[in-house]
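# show me how the following folds:
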Amino acid sequence: MIETCPAGSRFHTALDWLDSWHSFSFAEHRDPANVNHGLLVVSNEDTVAPGRGFGTHPHRDMEIVTWVLRGSLEHRDSEGNHAVIRPGLAQRMSAGTGIRHSEWNPSEEHGVHFLQMWILPGTRGIRPGYEEADVTAALAAGGLVKVASGTGDAAIRIHQPDAAMYVARLAAGESIELPTARHVHVFVAQGTASLEGCDSVAVGDALRLTDEAGRRLEATDDSEIVIWATA
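Presented below is the predicted three-dimensional model:
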């Protein structure tokens with residue numbers, strides 16, 4: 001089964017400092033029929049104004065992966081981690097038994113545009129943790145890059161053996177074969193693409209595949225595609 005999710009169909013939060021689009025139920029946006037796709041329970045596309053951000057707030061028992069599309073995002077947490085992440089630098093925060101963190105746009109001139117995605121962990125109550133890795137060179141080499149997984153074969157490791165995140169930066173006309181999994185979530189972060197047998201998808205659109213194998217996705221414009229494959 002393949003479901004196309006247009007960008008405009010997502011839940012939307014608009015504040016003076018934040019423009020956020022939610023692929024699944026989030027915060028006050030609730031739809032019992034749209035709470036996850038497999039183990040992926042949050043996929044938010046956020047744009048934060050210069051010099052603004054999310055103040056310190058808590059998380060628990062969640063694997064949180066952040067992927068910056070434009071600008072920079074400053075992270076601080078209660079475990080003492082401090083980093084500024086930019087495009088090409090993947091970040092994972094394991095909330096485990098409990099962690100508090102903030103996310104801030106350190107630029108006073110430019111907004112920051114990023115994706116934040118939450119995966120249910122394989123084990124609850126682990127020690128909180130943090131990891132980051134630069135995959136810029138791997139992305140430039142082309143093809144599908146495994147950015148995060150729970151099996152130790154990706155740039156960063158999440159505490160969920162049944163989930164993996166991939167990113168591809170494709171020139172117009174290039175294609176990739178989607179990973180095989182029970183649930184595959186394809187998000188168009190930039191550009192446009194076409195899945196064989198389906199309509200074209202553009203920026204902000206998503207495809208939710210269930211029990212589909214061997215499907216190819218072709219970029220119809222220079223594109224960046226973010227993919228989760230989960231149980």
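# quick one: contacts for Ser107?
The contact partners of Ser107, by Cβ atoms under 8 Å, 6 or more residues apart in numbering, come to Pro50, Gly51, Gly71, Ser72. For the C-beta atoms, the positions are set from N, CA and C on the backbone; glycine is no exception.
# among those, which one lies nearest to Glu63?
Nearest to Glu63 among these, counting by Cβ to Cβ, is Ser72 at 22.5 Å.
# the closest one: how many residues sit nearby?
17 (other Cβ atoms under 10 Å).
# quick check, it in contact with Glu108.
No. Contact criterion Cβ atoms under 8 Å: Ser72 and Glu108 do not qualify, at 11.7 Å.
# state the distance from the residue nearest the centre of the chain to Ser23.
Closest residue to the average C-alpha location of the chain: Met117 at 4.2 Å, with Cα atoms, centre = their mean. The gap separating Met117 from Ser23 is 9 Å, by Cβ to Cβ, to the nearest Å.
# quickly list what's touching both of these two.
Val42, Ser43, Asn44.
# excluding sequence neighbours, find me the nearest residue to the last one.
The spatial neighbour of Asn44 that comes closest, neighbours along the chain excluded (Cβ to Cβ, 6 or more residues apart in numbering), is Gln116 at 4.9 Å.
# just to revisit the earlier point, what does the host helix or strand of the residue nearest to the centre of the chain contact?
Counting by DSSP states H and E, the element that carries Met117 is strand 112-119. Contacting residues not belonging to strand 112-119 are listed as 39-48, 62-73, 105, 158, 160, 163, 165, 187, 189, 226, 228, 230 [Cβ under 8 Å, 6+ apart].
# Glu79 contacts Tyr130, correct?
Yes. Counting by Cβ under 8 Å, Glu79 does reach Tyr130; the two are 6.3 Å apart.
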